[in-house]
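Asks: Give me the fold of what follows.
(2 chains)
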Amino acid sequence: GAVVSQHPSWVICKSGTSVKIECRSLDFQATTMFWYRQFPKQSLMLMATSNEGSKATYEQGVEKDKFLINHASLTLSTLTVTSAHPEDSSFYICSASDAGLVNEQFFGPGTRLTVL
Amino acid sequence: GNSVTQMEGPVTLSEEAFLTINCTYTATGYPSLFWYVQYPGEGLQLLLKATKADDKGSNKGFEATYRKETTSFHLEKGSVQVSDSAVYFCALSESGGSYIPTFGRGTSLIVHP
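Replies: Got it, this is the predicted structure:
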């Protein structure tokens, strides 16, 4: 149980375009979802936390107008990278927590974004 | 604030060697402790966890014991395999709130045949 999926697993886009990444909890209701960014050979950097039906809380230094997060249902959150540039190329990982499972997050497999 | 310190990698071992990856933490409360593994090109997978002092988490031959007195959660495996090559992240999560983990920087493990 507690499976989180992400789609797509990788995407290549042209500079200036927008890209949407989906994160789904497959077998539980995710009251909270998290979006992380990971640079090569580095740890995860939390970008934002989103609760279903409310606005996301962004970490300091993360542009909320560039990284749009929508958590419209208890099983789906989306991250849209708007007007992507090469420096946005990274590995994006989502995770989800279930209020019934204490102190644990479940991670998606990640999405590799490459902006040309 | 909370923090997690892991030994720097990469750790390079021969197959069947003994593995230890050190992890120490600082926390204001009584956190749960985790080890995650990330295989090349993939997301994080929970390897094992411990929720209170003296608990031992174990999975796939890996073990770690929650040591409150030394604020440590070292990862060990008696005999590593080539397939264990990955990056290992130690993390802690405080009780209550939104369970956002604090991650260590990760330790790369390379196992040679």
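Asks: contacting residues for the residue positioned nearest the centre of chain A?
Replies: Using C-alpha atoms, centre = their mean, the residue of chain A that lies closest to the mean C-alpha position is A:W35, 3.5 Å off. By C-beta atoms under 8 Å, 6 or more residues apart in numbering or on different chains, A:W35 lies in contact with A:C23, A:L46, A:M47, A:A48, A:S50, A:F67, A:I69, A:S77, A:L79, A:Y92, A:I93, A:C94. C-betas here are computed from N, CA, C, even on glycine.
Asks: again, 6 Å this time
Replies: Counting by C-beta atoms under 6 Å, 6 or more residues apart in numbering or on different chains, A:W35 touches A:M47, A:A48, A:L79, A:C94.
Asks: Local confidence estimate at residue 56?
Replies: Unless you meant another one, I'm taking chain A. As predicted, A:A56 sits at a pLDDT of 91.
Asks: could you do chain B instead?
Replies: According to the predicted model, the pLDDT of B:K56 comes to 97.
Asks: contacts with chain B among the contacts of A:W35, please.
Replies: With C-beta under 6 Å from any C-beta of the partner chain as the criterion, the contacts of A:W35 include none near chain B.
Asks: For ChimeraX, what selects the buried ones among those?
Replies: Command for ChimeraX that selects the buried part of these, burial taken from 16 or more other C-beta atoms under 10 Å in any protein chain shown:
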select /A:47,48,79,94
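Asks: Could you give the bridge partners of residue 36?
Replies: Because you didn't say which chain, this covers chain A. Beta-bridge partners for A:Y36, by DSSP bridges, are A:L46, A:I93.
Asks: should've been chain B
Replies: B:L46, B:F89.
Asks: Can you show me the strands along chain A?
Replies: A:4-7, A:10-13, A:19-25, A:32-38, A:44-51, A:57-58, A:67-73, A:76-81, A:90-97, A:106-107, A:111-115 (DSSP state E).
Asks: could you dump those to a markdown table with distance to B:L109?
Replies: Converted to a markdown table, these look like this (distance: least, C-beta to C-beta, whole Å):
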| stretch | distance to B:L109 |
| --- | --- |
| strand A:4-7 | 24 |
| strand A:10-13 | 24 |
| strand A:19-25 | 28 |
| strand A:32-38 | 17 |
| strand A:44-51 | 18 |
| strand A:57-58 | 33 |
| strand A:67-73 | 32 |
| strand A:76-81 | 30 |
| strand A:90-97 | 19 |
| strand A:106-107 | 19 |
| strand A:111-115 | 22 |
